[in-house]
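Student: structure of the sequence below:
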Amino acid sequence: MCGIAGIIRIHDPKDGTPPPPLEAIPEEWLDVLDESIKHRGPDGQGRFRDRAVREDGTIVDVALVHRRLSIIDHGGGHQPIVHDGERLRPDLTYQPGETPKLAHELEPHKPIVALAFNGCIYNHRELRKELEDKGHVFETDHSDTEVLVHGWIAWHDELFARTDSMHATLIWERQAWGFSLARDPAGEKPLYTRDIEGKHDRVFAAASTVPGLLRLDRQFGAVSDALDSRELGWWIAMGSGEGSPDRSGEEVPPGELQRLYIDNKQSPTVWGVQWDPLDPDEFASRLSPKQPAPTPSQPRPLTVERLDELIAESVASRLEADVPLGLLLSGGLDSAVIGAHIARIAPETIAVTVRMPIAGYDESEKAAETAQALGLKHVVVECEPNAADDLLRLIPALGLPFGDSSLLPTSWACRAASESCKVLLGGDGGDELFAGYERYRITRLPMIAQIALVCIPSRCLDRREPKSTSSKLARLGVAARGGGYEDLLAIFPSRDYERLRTNLAGRTRFSRLRCDARQRDFRDYLPYNLLRKTDTASMDVAIELRSPLLARKLVDASLCTPLDVLMPNGERKGLLKQVARKYLPDTIVNRPKQGFAIPIGEWFRSDFGSMRTLLYDYLESADPFPGLAEAGVNINMDFVRRMLREHDAAGEQSLNPWHGRDHSQRLYMLLVLSIWSKWLASIR
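Tutor: Here you go, the predicted structure:
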């Protein structure tokens, strides 16, 4: 678990310009990238440089940067890891501040493969045995990183189809002039990219975080102020999105292996190989009497016994670590089921719960009841949130206008838990894979019922309390009349978004309410919202957070299981609850879903954690959103001020149901947008 970055610089001498110096990628560039990822890996660091020259004279320079959070094999597994076709070559790497070692000068004729890796390969021991049987000789004791470099040499593009892992990986092959980027199927580990074109050279860079890539523009002398108004509009409306709102910023999609090749036009050419779970309809057709049953290599539909077996297998594989390991135990079902298997496999594991400072949002007593029922040692840790200061740190560190306010409590939980553990198991993915959201029921309503939702008089309903039945009904009416399923997820549903923007540059990715919501959530909401949040929060305090429910076999099987099986009789997480009842009493299994949140709306009224002060300082500043108007995104400040007034009024005691409206998440999104835009202006 760590931070990674890489740069590839391509120089074509045909235009008459002199070739770049041997240090074509300045150390200052690597320092910029290193600074942006150092918080992810406090236990070690390393760098690697190489050069390849094509027959046509094109010069390709590459550099890899690594920051290590040491979890498995402290003595081995140092990165970047380099193999010369015969053995590992740690002597070809160097530390920041040392004289850079140039692999092409030290070993000009070797088939060098260099790799920088962020994540964990949970089946690395099985892969190691398979590779040893093929004749590969390992030099480390149990490094999963060495398994990757040998696996790439042996299997190349097929490597990541064999792994059960969370990973973001950069791979350089000198002989093929190839630079490969790979990311795990669920998107647990981030990998952002940037393509920078100069006068004579082109630079392609990748990193675990966005800020270093943005600052690299300035180092290369190719500063661009070009925000993509369409993408930024999507981020504002939804609170998250793929990649970056910057035109030059991209993100390797979850499950994709990209190969970067150099053509004669001096341009990187990328093609991708993507893991793709079976479509549920396709899978169902295989089970019809006219079709043969799935082969053993294909996912089978989940039953209680099969689901229990897969979770047990996944939990067991994620309990290997050479550092203290614990379970992040909430009062919910997902972590409870994981805890049930931990109690059987490794009962000495500590269950850690964070006591939140707000009574209505604290699950520590429920978690204590779960831990007692499972026989796990339970540790409750206190968190001392400083909401305003934490937000001002987290958004620039992420470098994205991320609008999910649960980033704050997730960060506090990881910070508090880091006092007891360096690795935590959590329940990410449970709602998406096992149908835990109320909205999944809505998407399966008959068409006539969905048409009836259009008639809900949203404006006549009390919307002062966001979790109230009337607020939920109002949201359904808005979604049915507007953006469909996206409006159920949106921070700014269609009508509010139209009021916010004085010019509309296209938030157009709408859909109907009736859709395959689980597939959509797994491909979009899970990687670009939930997993981005947990990665940011955990890496902020150098914690490795593992998600057993996102094991590859489990994901394949779940996404190919019909919703009716996952939700028997319409019960959310019904199949998972049947598994849970094997280990836990009904009083725990049947608890209502609480969610991990904070009363951000009340804090905007009471100034808890200085959040009201921060909100007004930013939104009432002379230029709340610098650079956005120039990018074609004009914010209607009259509507913003109206939301501030309505939000305050919603907190006042009144019998009038139309007295104000809760704008908690919308105001939070605007606050984040202001923090981000001011930060972006400061680095350009």
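Student: alpha carbons only for contacts and neighbour counts from here, please
Tutor: Fine.
Student: what about the protein, any weak spots by pLDDT?
Tutor: Low-confidence segments of the chain, defined by pLDDT under 70: 1, 13-23, 197-200, 221-225, 261-299, 444-465, 468-483, 503-515, 653-658.
Student: tell me the contacts of the spatially most central residue of the chain?
Tutor: When CA atoms, centre = their mean is applied to the chain, the residue found nearest the centroid is residue 532 (2.7 Å). By CA atoms under 8 Å, 6 or more residues apart in numbering, the residues touching residue 532 are 188, 189, 190.
Student: of those residues, closest to residue 242?
Tutor: Of all these, residue 242 sits closest to residue 190, with 10.7 Å by CA to CA.
Student: which strand or helix spans the closest one?
Tutor: Here residue 190 sits in a region with no helix or strand, counting by DSSP states H and E.
Student: list buried residues within the contacts of residue 532.
Tutor: By neighbour count, with 16 or more other CA atoms under 10 Å, the contacts of residue 532 hold 188, 189, 190 as buried.
Student: pretty sure the first one sits in a helix.
Tutor: Just to be clear, that refers to residue 188. No - secondary structure assignment (DSSP: H, G, I helix; E, B strand; the rest coil) places residue 188 in coil, not in a helix.
Student: measure it to residue 400 for me?
Tutor: Distance, residue 188 to residue 400, by CA to CA, to the nearest Å: 17 Å.
Student: same question for the last one.
Tutor: For residue 190, the distance to residue 400 equals 13 Å [CA to CA].
Student: show me which residues of the helix or strand where residue 677 lies are buried.
Tutor: In this structure, residue 677 is located in helix 664-682 according to DSSP H and E. Neighbour counts over helix 664-682 (16+ other CA under 10 Å) mark 664-680 as buried.
Student: got it, and stretch 563-571?
Tutor: Under 16+ other CA under 10 Å, the buried positions of stretch 563-571 are 563, 565, 566, 567, 571.
Student: show me the contact partners of that stretch.
Tutor: By CA under 8 Å, 6+ apart, stretch 563-571 touches 302, 434, 435, 441, 572, 573, 574, 575, 576.
Student: select from the residues you listed the one having the most neighbours.
Tutor: residue 435 (27 neighbours; other CA atoms under 10 Å).
Student: from memory it sits against residue 573, does it?
Tutor: Yes - the criterion here is CA atoms under 8 Å, and residue 435 meets it with residue 573 at 5.3 Å.
Student: next, give phi and psi for residue 186.
Tutor: phi -90, psi -20 (degrees, to the nearest 10).
Student: show me what contacts it?
Tutor: Going by CA under 8 Å, 6+ apart, the list of residues near residue 186 reads 166, 254, 255, 522, 523, 526, 527, 550.
Student: and residue 50, that one's in a helix?
Tutor: No - assigned with three-state DSSP, residue 50 falls outside any helix and is strand.
Student: beta partners of it?
Tutor: Under DSSP bridges, the beta-bridge partners of residue 50 are residue 62.
Student: wait, residue 236 touches residue 671, no?
Tutor: No - counting by CA under 8 Å, residue 236 does not reach residue 671; the two are 10.9 Å apart.
Student: now do whatever helix or strand residue 414 lives in: distance to the chain's middle.
Tutor: Per DSSP H and E, residue 414 falls inside helix 407-417. Counting by CA atoms, centre = their mean, to the nearest Å, helix 407-417 is centred 16 Å from the centre of its parent chain.
Student: can you get me the start-to-end distance on stretch 563-580?
Tutor: Length of stretch 563-580, first residue to last, CA to CA: 18 Å.
Student: from the chain's centre, how far out does that stretch sit?
Tutor: Taking the mean of its C-alpha atoms, stretch 563-580 sits 26 Å from the chain's own mean (CA atoms, centre = their mean).
Student: thinking again about what came up before, by contact count, what packs against the helix holding residue 414?
Tutor: Using 3 or more CA pairs under 8 Å, 6 or more residues apart in numbering; DSSP states H and E, the elements in contact with helix 407-417 are strand 350-355, strand 377-382, helix 387-398, helix 531-540.
Student: continuing past that helix, what's the next helix or strand?
Tutor: Assigned by DSSP H and E, the successor of helix 407-417 is strand 423-425.
Student: tell me what that following strand is packed against?
Tutor: Contact analysis of strand 423-425 by 3+ CA pairs under 8 Å, 6+ apart lists strand 325-328, strand 544-546 as its packing neighbours.
Student: looking at the ones you listed, which is closest to residue 88?
Tutor: strand 544-546 (26.2 Å).
Student: in the closest one, what's buried?
Tutor: 544, 545, 546.
Student: how about stretch 166-178?
Tutor: Neighbour counts over stretch 166-178 (16+ other CA under 10 Å) mark 166, 167, 168, 169, 170, 171, 172, 173, 174, 177, 178 as buried.
Student: of those residues, closest to residue 650?
Tutor: Nearest to residue 650 among these, with distances taken as CA to CA, is residue 166, at 43.1 Å.
Student: need the buried residues of stretch 563-571 in JSON lines with secondary structure, can you?
Tutor: Listed next are the buried residues of stretch 563-571 as JSON lines, based on three-state DSSP:
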{"residue": "563", "secondary structure": "helix"}
{"residue": "565", "secondary structure": "helix"}
{"residue": "566", "secondary structure": "helix"}
{"residue": "567", "secondary structure": "coil"}
{"residue": "571", "secondary structure": "coil"}
